[in-house]
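**Q** predicted coordinates and the sequence they were generated for:
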Amino acid sequence: MAAVTTAIDSSHAQAGAPALERFSYDDAVVRKFMMASVVWGIVGMLVGVLVALQLADPRFNLGLEWFSFGRLRPLHTNAVIFAFAGNAIFAAVYYSSQRLLKTRMFSDLLSNIHFWGWQAIIVAAAVTLPLGFTQGKEYSELEWPIDIAVVAVWVVFAVNFMGTLLTRRERHLYVAVWFYIATVVAIAILYIFNNLVMPAGWLRSYSIYAGSQDAFMQWWYGHNAVAFFLTTPFLGLMYYFLPKAAERPVFSYRLSIVHFWSLVFLYIWAGPHHLHYTALPEWASTLGMLFSVMLWMPSWGGMINGLLTLRGAWHRVASDPVLKFFVVGITFYGMSTFEGPLMSVKSVNALSHYTDWTIAHVHGGALGWVGFMCFGMFYWLAPRLFQTEIAKPSWVGLHFWIATIGILLYIGAIYWAGLSQGLMWRAFDQDGLLQFPDFIETVTVLIPFYWIRVIGGTLYLAGAVLMGVNLVLTWRNRPKTYDVPVYEAAALSKDFREPAIPGSDLPPGYVLGVARKLDVFGQLRWHRKYEGLPVVFTILVAIGVVAASLGEIIPLFARKSDIVRIASVEPYTPLELVGRDIYISEGCSNCHSQMIRPLRAETERYGEYSKPGEFVYDHPFLWGSRRIGPDLARSGVKIPSANWHIRHFIEPTDTSPGSIMPSYTHLVEKPLDFAQARESVAAMKALGVPYSDADLAGAEAMARAQAQRIAAQVVEEQGPAGMEDRQVIALVAYLMRLGTDLNKPVPETAPAAATTEIARSATDAEPADQGGGQ
């Protein structure tokens with residue numbers, strides 16, 4: 001049982017005031033979300049250290065298919081984003097919303113369904129991703145049954161949160177609640193529309209979008225997942241917990257208004273800056289760049305509002321580790337939101353894209369902003385939730401310094417690695433030739449930096465473990481019975497009228513004269529009205545998100561001239577489709593891109609630059625966002641040897657000395673399910689890929705015939721026999737197809753419009769080593 005005490009809201013304890021209602025807060029669900037965040041955070045960071053080790057030394061892949069980098073990296077990102085950060089968000093929302101709105105959460109049942117449903121989703125992700133069940137889209141890897149569960153649990157959360165807003169006893173919605181509303185609305189829209197797929201089985205599906213359009217939708221979602229899952233809720237967290245910890249009011253109410261609405265509207269447009277110099281129409285990426293640059297100002301508005309909240313309390317930062325975490329976290333937010341717009345500028349992006357610079361940027365935000373804000377909140381909450389002092393106060397300061405040193409080592413090394421990659425890729429010698437023509441040269445030079453990252457990541461993990469132990473010890477010191485205060489406050493009056501403007505004898509809501517109108521607008525007093533109307537406020541947020549989204553989506557999908565068809569580009573064969581599924585399952589796009597940018601260094605290294613018409617049958621797109629291995633867009637032309645690929649999968653260093661790619665012997669050992677070919681063709685046909693009924697009926701036979709031909713080629717090239725029914729043969733078929741469509745003759749009957757971007761030779765068809773995998 002819990003002990004009950006009574007607290008009266010003094011603002012209503014007056015004669016003649018409305019009758020008071022009694023209520024208490026549900027802190028049990030906050031405790032559960034907080035401890036779940038700590039546990040999953042340690043798990044996610046542990047996996048992060050493991051994948052860092054795998055890049056430093058491929059032997060840490062342990063020769064196990066479900067332990068390979070390609071499969072574990074999505075597990076790491078999902079665990080840190082949705083398990084660690086997600087549970088922390090919910091802990092913050094459930095704790096602060098009840099107190100800001102003076103009411104208990106709308107439904108204890110919905111709160112518990114939300115908690116256990118979210119943990120079940122995390123467990124499902126932790127099982128399916130290492131097993132290779134993935135959609136292959138960054139931050140959106142979970143397969144469709146789990147996606148449905150995510151949406152269902154999010155609806156439960158939304159109903160519970162909005163119900164709490166509607167039953168509140170505090171009319172004014174504090175700024176933190178605005179950011180929570182934006183998170184609830186935007187994530188629902190982003191997640192649903194990016195994850196529309198055509199199922200091809202219970203744990204396999206294809207995006208309904210293809211090629212350039214799929215790439216746009218993915219980064220519309222991917223960039224804004226950062227905005228509305230890793231930014232807006234943590235700004236809400238900042239606006240509540242920082243003033244509480246500092247015992248100071250927020251610096252500027254007006255700045256928070258400008259900050260909020262600018263972020264909501266501008267952030268949505270910025271996603272295409274992830275696709276500069278790709279096959280996305282240039283107008284879209286340019287628009288993304290412009291809005292990204294504009295985004296810097298409101299982002300720093302939030303940082304300034306946070307840091308200046310500490311005015312008059314800076315002396316406490318030196319002695320209060322909670323404030324230390326918050327200050328460093330907000331500082332990292334400022335750094336990340338300056339660097340993001342910088343990296344969106346095309347000339348900078350040409351250097352940074354596909355390099356580890358992006359990884360350093362992401363981890364500066366994830367470890368510095370998100371991680372430190374979580375740690376500060378946990379240490380502030382723990383004594384209040386467990387109703388006892390922190391068990392080991394000295395450990396809190398130790399955690400801060402261990403984590404800070406870990407971050408600096410991590411991002412410092414990876415920034416240097418990223419700059420080294422970008423500069424080496426584009427370096428030419430005095431004769432005008434690539435200075436580092438073998439891609440592997442640009443990989444081996446990174447190994448020392450990767451080891452420094454391991455050290456930095458291990459320190460950060462050690463700090464998180466130290467915090468976890470500290471919180472468990474604190475929990476063990478909790479009282480036998482939690483004290484549950486019962487509060488009293490009046491229900492909202494239904495005959496509320498807008499208050500008169502201070503210093504004015506005019507009726508409420510009435511303003512006379514242009515000068516007065518301008519003053520009211522400048523002071524943003526009009527906004528106060530909408531802060532008392534949660535439904536209207538939510539609708540306005542939704543309008544902002546949807547309008548900004550449609551501003552890019554409609555022209556991209558409507559302008560057919562942006563994606564010109566290439567007559568020689570044909571759908572994949574059934575065997576190649578199965579091979580593409582294996583490529584996705586193994587997480588190959590975590591290391592390899594399939595997008596040659598129209599930059600001299602790339603066309604010299606990889607061949608003809610990529611065009612939108614090449615990807616019209618790609619569900620999903622596989623352009624990648626990182627190059628630990630070389631680009632594969634022209635691998636069928638660069639490496640036409642089937643046996644080379646077989647040798648490379650069995651022992652990567654056999655073909656590419658110094659490679660950090662793990663061995664994929666399981667692909668050589670495991671039998672190929674040819675029946676999958678028909679399922680894949682059926683799903684693609686339903687998506688509009690031009691397969692005939694005969695193609696569908698004969699998909700399995702066609703796949704077997706092509707497998708026999710490639711297996712015979714392997715034997716002719718002195719390779720191993722018996723590959724015709726192994727999984728590797730399908731993957732080899734897919735890799736040997738990439739880039740070859742542009743070398744095919746254009747049919748004489750092809751419409752003129754279809755040959756505007758005519759296929760010409762991507763590169764010399766002579767066999768050439770591409771630099772050897774990773």
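**A** Structure's in. What do you need?
**Q** what's near enough to touch the closest residue to residue 102 other than its chain neighbours?
**A** With Cβ to Cβ, 6 or more residues apart in numbering as the criterion, residue 102 has its nearest non-adjacent residue at 3.9 Å, and that residue is residue 169. For every residue, glycine as well, the C-beta is placed using N, CA and C. For residue 169, the contact set (Cβ atoms under 8 Å, 6 or more residues apart in numbering) comprises 9, 21, 23, 101-103, 489-492.
**Q** switch to 6 Å and redo it
**A** 102-103, 489, 491 (Cβ atoms under 6 Å, 6 or more residues apart in numbering).
**Q** in a strand, it, correct?
**A** No: going by DSSP: H, G, I helix; E, B strand; the rest coil, the assignment for residue 169 is coil, not a strand.
**Q** so how do I select the buried members of the contacts of residue 169 in PyMOL?
**A** Restricted to buried positions by 16 or more other Cβ atoms under 10 Å, the PyMOL selection for the contacts of residue 169 reads:
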select buried, resi 102+103+489
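**Q** nearest to residue 87 among the contacts of residue 169?
**A** Residue 87 has its nearest neighbour among those in residue 103, at 22.6 Å by Cβ to Cβ.
**Q** what about that closest one, distance to residue 169?
**A** According to Cβ to Cβ, to the nearest Å, residue 103 and residue 169 sit 5 Å apart.
**Q** cool, and residue 371?
**A** 34 Å.
**Q** ok, residue 633 next?
**A** Taking Cβ to Cβ, one finds residue 633 at 60 Å from residue 169.
**Q** tell me which residues in stretch 21-34 are buried?
**A** Buried residues in stretch 21-34 (16+ other Cβ under 10 Å): 23-34.
**Q** just the mean pLDDT for it, thanks.
**A** For stretch 21-34, mean pLDDT is 97.
**Q** what's the span of that stretch, first residue to last?
**A** 29 Å (Cα to Cα, to the nearest Å).
**Q** quick one: contacts of that stretch?
**A** 87, 90-91, 94-95, 98, 104-105, 108, 111, 115, 385, 484, 486-488, 491.
**Q** any idea which residue sits dead centre in this structure?
**A** residue 139 (4.2 Å; Cα atoms, centre = their mean).
**Q** list phi and psi for it.
**A** phi 60, psi 10 (degrees, to the nearest 10).
**Q** so it touches residue 226, yeah?
**A** No: using Cβ atoms under 6 Å as the test, residue 139 is too far from residue 226 to be in contact (8.3 Å).
**Q** could I get the full set of strands for the stretch 151-300 of the chain?
**A** Under the criterion DSSP state E, counting those that start in this stretch, strands of the stretch 151-300 of the chain are mapped to 197-201, 204-207.
**Q** pick the most buried one from those strands.
**A** The highest mean neighbour count among these, using mean count of other Cβ atoms under 10 Å, belongs to strand 204-207: a mean of 23.
**Q** what sits against the closest residue in space to residue 263 that isn't next to it in sequence?
**A** Taking Cβ to Cβ, 6+ apart, and ignoring the residues beside it in sequence, residue 263 has residue 298 as its nearest neighbour in space, at 5.2 Å. By Cβ under 6 Å, 6+ apart, residue 298 lies in contact with 259, 262-263.
**Q** state the distance from residue 298 to residue 483.
**A** According to Cβ to Cβ, residue 298 and residue 483 sit 41 Å apart.
**Q** what's the answer for residue 43, then?
**A** Counting by Cβ to Cβ - residue 43 and residue 483 are separated by 32 Å.
**Q** more crowded one of those two?
**A** Ranked by neighbour count (other Cβ atoms under 10 Å), residue 43 and residue 483 place residue 43 first, with 19 against 10.
**Q** from the contact counts, what lies against the helix or strand where residue 118 lies?
**A** In the assignment (DSSP states H and E), residue 118 maps to helix 108-128. Judged by 3 or more Cβ pairs under 6 Å, 6 or more residues apart in numbering; DSSP states H and E, helix 108-128 is in contact with helix 28-56, helix 144-166.
**Q** what about 10 Å?
**A** When contacts are defined as 3 or more Cβ pairs under 10 Å, 6 or more residues apart in numbering; DSSP states H and E, helix 108-128 packs onto helix 28-56, helix 69-78, helix 86-101, helix 144-166.
**Q** so for residue 721, which of these sits nearest?
**A** helix 69-78 (27.6 Å).
**Q** relative to helix 108-128, how tilted is that closest one?
**A** Put simply, helix 69-78 runs at 160 degrees to helix 108-128, going by axes from the mean of the first three to the mean of the last three Cα atoms, to 10 degrees.
**Q** got the CA positions of helix 69-78 in CSV?
**A** Output of helix 69-78 as CSV, limited to C-alpha atoms (Å, rounded to 0.1, in the frame of the first residue of the first chain):
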residue,chain,number,x,y,z
PHE,A,69,27.9,-5.6,-38.3
GLY,A,70,25.2,-5.3,-41.0
ARG,A,71,22.6,-6.9,-38.7
LEU,A,72,23.7,-5.4,-35.4
ARG,A,73,24.0,-1.8,-36.5
PRO,A,74,20.3,-1.4,-37.0
LEU,A,75,19.7,-3.1,-33.6
HIS,A,76,22.1,-0.5,-32.0
THR,A,77,20.3,2.5,-33.6
ASN,A,78,16.8,1.2,-32.8
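**Q** list the contacts for residue 537?
**A** 165, 173, 177-178, 181-182, 527, 529-531 (Cβ atoms under 10 Å, 6 or more residues apart in numbering).
**Q** and it, how far is that from residue 178?
**A** Taking Cβ to Cβ, one finds residue 537 at 7 Å from residue 178.
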